[in-house]
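*Asks:* Predicted model and sequence below, questions to follow.
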Amino acid sequence: MSGFFDSMIAFMAVSMPIWIVWIIFHYKYANKRSSGSISAEEAKQLDELMDVADSMAERIKTLESILDDETPEWRDKAREQQGE
């Protein structure tokens, strides 16, 4: 069971930065495609989302550094499981 959790943590650590970047760019450039400018409330929500995304990215970096210290081979295991 521990292997399952290790693989889930590794999967999340690898995939979350991709999703965070996608969300940031999606909302950042979606407004450029729209015909009008965003309202003050939408700008505030976007700033809050970007703050949350930055916070999540920092937490992921911290998690990866902890995993690197405790289980140096976790990245190799994650890559092997993704290749399966």
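*Replies:* Sure, I can see it. Keep in mind that this is a model prediction, so the values were computed, not measured. Numbers count the residues shown, from 1 in each chain.

*Asks:* how close does E80 get to V52?
*Replies:* 32 Å (C-beta to C-beta, to the nearest Å). From N, CA and C alone the C-beta is placed, and that goes for glycine too.

*Asks:* Then W19?
*Replies:* Where V52 is concerned, W19 sits at a distance of 12 Å (C-beta to C-beta).

*Asks:* For the chain, which residues score under the pLDDT cut-off?
*Replies:* 1, 31-32, 34-36, 84 (pLDDT under 70).

*Asks:* could you pull out the helices for it?
*Replies:* Per DSSP state H, the chain carries helices over the ranges 2-33, 40-70, 74-83.

*Asks:* buried residues in the longest one?
*Replies:* Think helix 2-33. The neighbour-count check on helix 2-33 (16 or more other C-beta atoms under 10 Å) flags D6, S7, I9, A10, A13, V14, M16, I20, I24, Y27 as buried.

*Asks:* tell me which of these is nearest to E58?
*Replies:* Closest approach to E58 among the buried residues of helix 2-33 (C-beta to C-beta): I20, at 10.4 Å.

*Asks:* Touching, that closest one and D51? I think so.
*Replies:* No. Using C-beta atoms under 8 Å, I20 is not in contact with D51, being 11.9 Å away.

*Asks:* Distance check, E80 against T71.
*Replies:* With C-beta to C-beta as the criterion, E80 and T71 are 14 Å apart.

*Asks:* How about K77?
*Replies:* For K77 relative to T71 (C-beta to C-beta), the value is 8 Å.

*Asks:* Now for these two: what residues contact both?
*Replies:* Counting by C-beta atoms under 8 Å, 6 or more residues apart in numbering, the residues touching both K77 and T71 are D6.

*Asks:* buried sites along stretch 68-80?
*Replies:* W74, A78.
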